[in-house]
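Participant: Need a 3D model of the following:
(2 chains)
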Amino acid sequence: MSTTTGTDPYAPQQDTTAGPVFTVTGQDWDSVVAGAADGAEERVVVNMGPQHPSTHGVLRLILELDGETVTETKCGIGYLHTGIEKNMEYRTWTQGTTFCTRMDYLAPFYNEAAYVRGIERLLDIEADIPERAQVMRVLLMELNRISSHLVAIAMGGMEIGALTVMTIGFRERELVLDLFELITGLRMNHAYIRPGGVAQDMPPGALEQIREFVKLMKKRLPEYAALCNANPIFKGRLVDVAHLDLAGCLALGITGPVLRATGYPWDLRRTEPYWGYDEYEFDVVTWDSCDAYGRFRIRVEEMWQSLRIVEQCADRLADLEKSPVVVADKKIAWPAQLAVGSDGMGNSLDHIRHIMGESMEALIHHFKLVTEGFRVPAGQAYGVVESPRGELSCHVVSDGGTRPYRAHFRDPSFVNLQASSVMSEGGMVADVIVAVASIDPVMGGVDR
Amino acid sequence: MTPADKRTEPEIGTSPQGSERDLGIQREMEENTVVPAGATVLDVVGVQEGMFGVDGTGDTSGYGGLRRPVAMPGATPRPYGGWFDEAADRLVALLDSDASAAIEQVVVHRGELTIHLRREHLLATVRHLRDDPELRFELCSGVSGVHYPDEEGRELHAVYHLLSMTHRRRLRLEVAVPDADPHLSSVVAVYPTADWHERETYDFFGIVFDGHPALTRIMMPDDWPGHPQRKDYPLGGIPVEYKGATIPPPDTRRAYR
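Facilitator: I've put the predicted structure just below:
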């Protein structure tokens, strides 16, 4: 039941049973102000989205306003739901990495890592993963943490008008993506961490480039501190905004920088070490302000800690030259020896010569493993990793077949987004943006 | 065959440990209160027929008559090892007279502890798990659903992943409900974080969490028919022509089991 009074055919002003509806697309606040002034009700409901507030993805926030104060915040999610978990049930265990890497697209290695941890536990091969594969996984995950935090800071800055933070953030992120491209062949959606190890060894010269990158980052990271840490405008927008204390975090299941900003040093890399994290030297960064500013400071400091781990990984990899990067069990290890060619990653020509020209058995083995996949013993396991946004875990269930019976991802963005209402209610509309940015949700991970 | 038979007598094959483990369990069950009498070693959740994922695709491999029971790891005998015994004992003590009714079975597999609960006792159990200082599972990491269409009377499983930050322990609770009556009490009152998780599980599996503040769909549109993560819900897709051949969509494509 509505009557259209506006002239714009796509965004008409309507009178509905719930009250007048205005569509604001910018520069037309006058009509809203005039219209709201006529209404008897003080209550205004604003739809923020569904759109692209930045690179967070398609998030719809339904805000109830009293003047400029937010009285109620609701999230509408699901706009990026692509059924990745359902799709994975129809692909082999190895192919699953190609799907789950697309969930949280700013932290692809973590999606793969959580999934692969679950599978390896079910296969009972956790102890057999070669050291070089583990170090490479840690290396890539820490580089990924840097690139993800850079986006969090860059987009968080852009949303409050600090455009320089955005431009320098993306400048540095590009360097990390170049490293990803060098090592995995792709800038994102890598499918590089595979059950049993990683897809291929590092190309020659990668270690030197990583060391160069670390050197450059050490010069550039202080720029963020210089730009933001004591900047009065930046602090004015962030300090004491989006408050959430420890009890609130635990009740709402919040992990990651938001939890550590309450002063609680919970980091799965320390509390439940996996893949040799207990052998690296790094600090768990905490802040005690429970606000958006603390979360920002934690992210900057965590990039420093990640650089420390990357350096240690590079040193260890230098000592592990020529050692295997995938489990010795040929019934699990991907048979192809991949190589990066001029057109991207593919089967190495040596391997093709071997299976096509030299060994019938090798061809059969390759064919069986690639088409049929391997079987994972029936049961369920929970693979957990500390992603840049908090605890990312994967509940994998196997019925003993070649495909996941069920793979469910507990994405930290999904859980942490639940805190947006408690963080923003009672505050100003402008602080909603800061609250969401400080959670750093990635909708690809939320909606899966 | 009744559902009860199906759970205790798989037609072909047994658990990897075979009869040796069976004997161990029986002995164990007599003296153990946590694993109630009647719990089985093999938890047969279904039977697979044939070699390939899709029926009626002209399987000429000769494996068409293959029947393989799908068996999940069954109840584990004591001692469970590590902190598992201590936590299970404490939970049994707290549940008191309800313990044998609440706990269906305890499974330890790959170093992870799963406690299967009966749905009536879920809420009381999670309250103990959160509030007792010796257990103190203060964080609910997530809720996920699993659909076992062949497990008659226990088709839908809700799985809760709990984390104790105090003791650095993880625990999994599993509750099975029948498809005909998919009701379960909501744990949102104990773990507010379960709000969205339960909505997701409702959306994808159709498990109704009674007492949830606003149980609506979360991922799918509000008017969406069906629950997409159920095994009988089709994946969708159309055949694709590639180099003259037509390739069916993944869920109707012949694939190894």
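
Participant: in chain A, which spans are strands?
Facilitator: Using DSSP state E, the strands of chain A run over A:3-4, A:14-16, A:19-21, A:44-51, A:59-66, A:69-76, A:193-194, A:197-198, A:338-341, A:344-347, A:379-387, A:390-398, A:406-410.

Participant: should've said the stretch 101-250 of chain B
Facilitator: Secondary structure of the stretch 101-250 of chain B (DSSP state E, counting those that start in this stretch): strands located at B:103-109, B:112-117, B:139-147, B:156-164, B:169-177, B:183-185, B:208-210, B:240-242, B:245-247.

Participant: what's the offset of the third one from the middle of its chain?
Facilitator: I take that to be strand B:139-147. Distance of strand B:139-147 from the chain centroid (C-alpha atoms, centre = their mean, to the nearest Å) equals 10 Å.

Participant: quick one: it near chain A?
Facilitator: Yes. Applying C-beta under 8 Å from any C-beta of the partner chain, one finds strand B:139-147 touching chain A at B:139-142, B:144-147. (C-beta placed from N, C-alpha, C; glycine too.)

Participant: quick check: angle from that strand to strand A:379-387?
Facilitator: Using axes from the mean of the first three to the mean of the last three C-alpha atoms, to 10 degrees, the inter-axis angle of strand B:139-147 relative to strand A:379-387 is 140 degrees.

Participant: I figured residue B:170 was touching residue B:161, is that so?
Facilitator: Yes. Residue B:170 is within contact range of residue B:161, at 6.9 Å (criterion: C-beta atoms under 8 Å).

Participant: list the residues that contact both of the two?
Facilitator: Common contact partners of residue B:170 and residue B:161 (C-beta atoms under 8 Å, 6 or more residues apart in numbering or on different chains): A:382, B:141.

Participant: coming back round to it: which stretch among the strands of chain A comes nearest residue A:437?
Facilitator: strand A:59-66 (11.2 Å; C-beta to C-beta).

Participant: Just the buried residues of that closest one, please?
Facilitator: Residues of strand A:59-66 classed as buried by neighbour count (16 or more other C-beta atoms under 10 Å in any protein chain shown): A:59, A:61, A:63, A:65.

Participant: now for that strand, which elements pack on it?
Facilitator: On a contact count with 3 or more C-beta pairs under 8 Å, 6 or more residues apart in numbering or on different chains; DSSP states H and E, strand A:59-66 meets strand A:44-51, strand A:69-76, helix A:429-439.

Participant: now the residue in the stretch 201-350 of chain A that chain B sits nearest to, nearest residue through space, not along the chain?
Facilitator: Nearest residue of the stretch 201-350 of chain A to chain B, counting by C-beta to the nearest C-beta: residue A:253, 2.9 Å away. Among residues not flanking residue A:253 along the chain, residue B:193 sits closest, at 2.9 Å (C-beta to C-beta, 6 or more residues apart in numbering or on different chains).

Participant: ok now do the one you found, which residues does it touch?
Facilitator: Neighbours of residue B:193 in contact, by C-beta under 8 Å, 6+ apart: A:251-254, A:415, A:418, B:139-140.

Participant: Please repeat the previous calculation with a cut-off of 10 Å.
Facilitator: Residues in contact with residue B:193, defined by C-beta atoms under 10 Å, 6 or more residues apart in numbering or on different chains, are A:249-254, A:415-416, A:418-419, B:139-143, B:187.

Participant: ok, now residue A:64?
Facilitator: Residues near residue A:64 by C-beta under 10 Å, 6+ apart: A:43-46, A:70-74, A:425.

Participant: Buried ones only from those, please, as a ChimeraX command.
Facilitator: Those of those that count as buried under 16+ other C-beta under 10 Å are selected in ChimeraX with:
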select /A:44,70,73,425
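
Participant: So which of the contacts of residue A:64 is the closest to chain B?
Facilitator: Within the contacts of residue A:64, the smallest distance to chain B is 9.6 Å, found for residue A:74 (C-beta to the nearest C-beta).

Participant: thinking again about what came up before, quick one: the strands of chain A as CSV, columns for mean pLDDT too.
Facilitator: Shown next, in CSV, are the strands of chain A (pLDDT from 0 to 100):
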stretch, mean pLDDT
strand A:3-4, 45
strand A:14-16, 73
strand A:19-21, 73
strand A:44-51, 76
strand A:59-66, 86
strand A:69-76, 89
strand A:193-194, 92
strand A:197-198, 90
strand A:338-341, 72
strand A:344-347, 72
strand A:379-387, 93
strand A:390-398, 93
strand A:406-410, 93
